[in-house]
Structures are given as C-alpha cells and as structure tokens.
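In: The following block contains a protein sequence and its predicted model.
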Amino acid sequence: MRFIVGVSGGIAIYKVVDLVRRFKKRGDEVRVVMTDSATKFVTPELFREISLEPVMTGVFGNEETAAHIKWAEWCDAMIIAPATANVIGKLAAGIADDALTTVSIAMTKPLIIAPAMNKDMFNSAAVTANLVLLKQRGVKVIDPSSGELACGVEGVGRLPEPSEIVEQVDKILNVNKKLSGYKIIVTAGGTREAIDPVRYIGNRSSGKMGYAVAKVAAERGAEVVLVTSSDLQVPPLVKVVNVESAEQMRQAVLSEYGTASAVIMAAAVADYRVANPSEQKIKKAEDTLTLELVKNPDILLELGQNKQKQILIGFAAETQTVEKNAVEKLKKKNLDMIVANDVTAEGAGFGVDTNIVTLITANEAKSYPKMTKIEVADIILNELENMLCKD
Ligand code: PMT
C-alpha cells in the first residue's frame with residue numbers, strides 16, 4: 001500500500017521513525033510530511049533515508065507543483081502520528097496552514113490519527129470535542145495507550161508501539177478487504193409520499209445512518225448500491241440510486257436484489273401513501289382537508305419472502321418496548337439481524353450523528369453505548385462479515 005505518514009512535533013516522534021521502517025520493510029511505499037515543530041525533533045533527512053522518498057516540510061519549494069494535492073491522490077491512506085493537540089485542533093477547524101494540514105485537508109482516502117500528548121491535554125474539553133467531531137467525519141482514531149508519559153506523570157497519552165499502530169492501521173483499512181466480491185444494497189433516508197406536485201408526507205430521517213453503512217461497506221471492499229431519498233454527500237466508490245417514494249425505493253431495491261449478497265435497510269420507509277395524489281397544487285379553499293392514505297408495500301417483508309442466499313439486515317425505529325418489537329420484526333420479515341434503536345433516546349435515531357443500538361439475531365441481543373453512526377456501521381458490518389464468511 002501507499003501511505004503518507006504525517007509527523008507533528010511530539011517526543012513520541014522516535015517511534016514514528018520505526019513505524020516508517022516497518023511499513024517499508026514489508027513492502028509498503030511511504031512518504032513523510034512533517035510540521036515545522038517535528039523538524040525540531042528529527043531531521044527530514046532521517047525520514048528521507050528510511051523511506052527512500054521525498055519528505056515534505058513546507059507548502060512551497062517542493063519539486064512538484066501543487067504537491068499537497070498530488071500526494072493526497074498518490075496514497076491509499078494517511079496516518080498522522082504523533083497527532084498533537086494543535087494538529088487535531090487544526091484538522092477539526094479545517095485550518096490548512098502548513099504542509100501536513102494542507103495534505104490532510106486534500107485527502108479523500110482514509111485519514112487515521114494517533115494522538116499522543118500529556119494526559120491533561122488529552123482529556124481537555126477542546127481535544128475531546130475535536131476528536132468527537134473528527135470521528136463523526138469519518139477520521140479513524142488510534143487511541144493512545146496508558147503509562148509513563150514524557151513529562152514524568154502516569155496516564156493516557158502515550159503513542160502506542162509501532163507494531164501496534166501497524167496492526168491497527170491494517171485493521172482499520174481492512175487490508176484483506178473482507179467484503180470484496182460481495183454486493184451490498186443499502187437504503188437510506190425517509191421516503192417522500194406525494195400529496196400534490198409541491199407537497200409530500202415525509203419523516204425525520206436524514207439518511208446519515210444509511211450513508212455511514214454505505215461508506216464503511218465500500219471501505220471494506222464491497223460493491224455498494226445506495227438507494228436513497230436523501231441528498232447527503234455520496235461516499236467514494238458507492239453507486240447511488242436516487243428515489244423519492246416507497247414504491248420507487250422498492251423498484252430500485254428489487255432490481256438489484258437478485259445479484260446482491262446482502263441488504264441493509266436503514267431507510268425510514270413510509271408505511272402509508274396518499275391514495276390519489278393531486279395532479280395540480282391543492283388550493284387553500286376549505287377549512288379542513290382530508291387525505292385518504294393507503295398502505296405502502298413493505299419492502300423488507302417482500303425481500304424476506306423471496307430470500308435466496310441474501311443476508312437481510314433491517315433497522316427497527318422504536319419508541320417503546322424496543323427489543324420486543326424489534327424481535328417481532330426480525331421474525332415476521334425473515335431477517336438475519338435487526339438493528340434496534342430507541343428513536344426517543346438522546347443522541348439516538350433521526351438526524352443526529354450518533355446512535356444507540358442493540359443488534360438482535362435469532363440467538364442473541366447485543367446492546368451498545370452511544371456511538372458515532374460510523375462506529376455503529378462498523379459493528380453492523382463486523383456481524384455481516386461473520387455471517388457471509390460462514391457460507
Ligand atoms: O436517517 P437518520 O437520520 O440517520 O436516522 C436513522 C434511522 C432512525 C432512520 C435508522 O436508524 C432507522 O431506525 N431506520 C429504520 C426506520 C424504520 O422505518 O423502521 P421501522 O421499524 O418502521 O421498519 C422496520 C424495517 O422495515 C426497516 O429496516 C425499514 O427500512 C423496513 N421497512 C419499513 C416499512 C416499509 N414499508 N418497508 C420497509 O422495508
């Protein structure tokens with residue numbers, strides 16, 4: 001693989017010299033970009049000798065023009081180690097005022113950061129909030145380990161050993177890409193059921209949960225078809241099918257179903273639609289207006305009835321007796337797993353960047369604390385990987 005290692009100025013930099021050496025030894029290509037402070041600890045020449053590649057220390061004076069863009073395009077992933085409080089703050093705020101932050105902001109590939117600093121700095125409100133924000137944006141964080149810190153105190157803030165960083169990077173990047181060769185349909189967003197040409201019945205789903213699942217599945221090598229009624233930014237390598245209504249979502253999912261290995265339905269599909277949507281805008285004439293609603297097809301139920309080898313994963317948006325209702329849906333729709341979320345809980349369900357879920361299969365129910373939707377996607381796809389590998 002091709003890595004950019006971003007080095008910022010911390011005492012743990014000596015471990016990064018070994019990190020670069022390890023990547024090189026196993027055949028990876030590595031280019032190093034350093035902050036000005038990093039060059040006060042070790043010289044660029046050291047990294048140049050180990051990596052056998054140019055080292056970038058500034059935005060200007062590089063051999064290539066627009067080197068920051070070309071480097072970001074060249075690599076498969078970027079790892080910032082050690083990531084200081086300063087660099088973490090700049091990444092969170094979108095500040096690009098040196099070589100390292102300029103390359104980082106141009107990255108469209110996975111960005112992994114390994115924070116290392118004094119324990120009080122690491123636990124500060126600013127660093128904590130910045131890391132939450134970065135995780136929500138899909139940045140992967142390698143947690144610091146605990147032990148004696150450079151300042152002499154004990155606590156969390158040590159850069160993990162290079163062998164451990166390599167292991168975690170491989171895990172994050174799914175070097176083996178366990179989902180490659182599998183086609184996965186993901187649905188996202190709330191369907192819109194027309195009342196007339198300008199109005200619709202909708203719901204509060206933003207699409208964030210489904211997009212997170214699509215993003216992580218693509219990163220793990222799956223061929224992802226995202227059927228969505230939402231217009232969030234499409235994750236890289238994901239095929240998008242835009243739909244509005246439940247019926248359009250049904251058609252789009254069914255047309256891909258025969259060749260799919262799995263379907264993950266995170267969409268909030270309207271259970272009812274207007275029986276006879278008006279062809280013209282309804283005029284404000286009467287004091288009351290009655291709409292007749294008819295039942296929509298249940299897409300997941302239909303998939304469950306026509307299941308061949310596909311793994312089916314549904315979501316259950318509940319407001320009461322969450323697990324009981326979810327188990328009923330699991331059985332009724334012939335699902336392999338259902339992700340139950342109490343959409344009334346703070347930090348869970350519609351619109352927010354986090355969720356609180358229980359993963360339920362025929363054999364067990366696993367409850368998790370509040371996580372980012374990317375992290376929820378990770379645990380769902382871990383389960384899916386296990387199910388697909390059993391075949
Ligand atoms: O989009 P976000 O803002 O990120 O919010 C995420 C979410 C709350 C929408 C998501 O986590 C979630 O819970 N999605 C499922 C919402 C839902 O419709 O739940 P349900 O319990 O009504 O339906 C159960 C399952 O059947 C779902 O997988 C649903 O996609 C599917 N379904 C429902 C109705 C229908 N007519 N056809 C279906 O396929």
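Out: Received, thanks.

In: can we go C-alpha only for contacts and neighbour counts from here?
Out: Fine.

In: ok, and what's touching the lengthiest helix in the chain?
Out: Determined from DSSP state H, the single longest helix within the chain is helix 373-390. Here helix 373-390 makes contact (C-alpha atoms under 8 Å, 6 or more residues apart in numbering) with 135-136, 138, 178-179, 208-209, 212-213, 216-217, 311, 353-355, 357, 359.

In: in the stretch 151-300 of the chain, which spans are helices?
Out: Per DSSP state H, counting those that start in this stretch, the stretch 151-300 of the chain carries helices over the ranges 162-173, 208-219, 246-257, 299-305.

In: Any chance of TSV for these, columns distance to the ligand and mean neighbour count?
Out: As requested, these are exported to TSV (distance: least, C-alpha to the nearest ligand atom, whole Å; neighbours: other C-alpha atoms under 10 Å):
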stretch	distance to the ligand	mean neighbour count
helix 162-173	23	16
helix 208-219	4	27
helix 246-257	7	19
helix 299-305	4	18
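
In: Turn these into TSV, including mean pLDDT.
Out: Listed next are the helices of the stretch 151-300 of the chain as TSV, based on pLDDT from 0 to 100:
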stretch	mean pLDDT
helix 162-173	91
helix 208-219	95
helix 246-257	98
helix 299-305	98
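
In: With distance to residue 26 added, can I get these in JSON lines?
Out: As requested, the helices of the stretch 151-300 of the chain are exported to JSON lines (distance: least, C-alpha to C-alpha, whole Å):
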{"stretch": "helix 162-173", "distance to residue 26": "11"}
{"stretch": "helix 208-219", "distance to residue 26": "22"}
{"stretch": "helix 246-257", "distance to residue 26": "39"}
{"stretch": "helix 299-305", "distance to residue 26": "45"}
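
In: Out of those, which gets nearest to residue 202?
Out: Nearest to residue 202 among the helices of the stretch 151-300 of the chain is helix 246-257; the distance by C-alpha to C-alpha comes to 10.6 Å.

In: How far does that closest one sit from its chain's centre?
Out: 24 Å (C-alpha atoms, centre = their mean, to the nearest Å).

In: One more: stretch 171-191?
Out: 10 Å.

In: how about that stretch: buried residues?
Out: By 16 or more other C-alpha atoms under 10 Å, the buried positions in stretch 171-191 come out as 172-173, 177-179, 182-191.

In: what's the closest of those residues to the ligand?
Out: When the buried residues of stretch 171-191 are compared for distance to the ligand (C-alpha to the nearest ligand atom), residue 189 wins out at 4.9 Å.

In: mind saving the C-alpha coords of stretch 226-234 as CSV?
Out: Coordinates of each C-alpha in stretch 226-234 appear next as CSV, following Å, rounded to 0.1, in the frame of the first residue of the first chain:
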residue,chain,number,x,y,z
LEU,A,226,-27.0,3.0,-2.1
VAL,A,227,-30.7,3.5,-2.7
THR,A,228,-31.5,6.8,-1.1
SER,A,229,-34.2,9.5,-0.8
SER,A,230,-31.6,11.8,0.9
ASP,A,231,-29.0,14.1,-0.8
LEU,A,232,-26.0,13.9,1.5
GLN,A,233,-22.5,13.7,0.0
VAL,A,234,-22.0,10.4,-1.6
